[in-house]
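Asks: Everything below, folded, please.
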Amino acid sequence: MVTNSLYAQFLDAKNTGKKKFVVLIDPDKVRLGKIQHVLEMSLEPE
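Replies: Coordinates of the predicted model:
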């Protein structure tokens with residue numbers, strides 16, 4: 001299940017001192033084009 005995998009990744013990051021964050025997107029309050037832009041930004045390398 002994806003949820004368990006994500007949760008495990010966050011627990012692992014916490015336990016190893018890494019920092020992560022999540023962006024929650026309300027599909028009722030955002031346009032499709034804006035979601036595409038957010039997804040593209042999330043895939044850009046640091």
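Asks: which stretches of this structure form strands?
Replies: Secondary structure of the chain (DSSP state E): no strands located.
Asks: chain center to the longest helix belonging to the chain, what's the gap?
Replies: With secondary structure taken from DSSP state H, the chain has its longest helix at helix 2-15. Going by CA atoms, centre = their mean, to the nearest Å, the spacing between the C-alpha centre of helix 2-15 and its chain's C-alpha centre is 12 Å.
Asks: One more: stretch 28-43?
Replies: Worked out by CA atoms, centre = their mean, stretch 28-43 lies 12 Å from the chain centre.
Asks: And the contacts of it?
Replies: The list of residues contacting stretch 28-43 from outside it, by CB atoms under 8 Å, 6 or more residues apart in numbering, reads Val23, Ile25, Pro27. For glycine as for every other residue, the C-beta is placed from the backbone atoms N, C-alpha and C.
Asks: Excluding chain neighbours, what is closest to the first one?
Replies: Spatial nearest neighbour of Val23, chain neighbours left out: Val38 (6.8 Å); criterion: CB to CB, 6 or more residues apart in numbering.
Asks: Thank you, goodbye.
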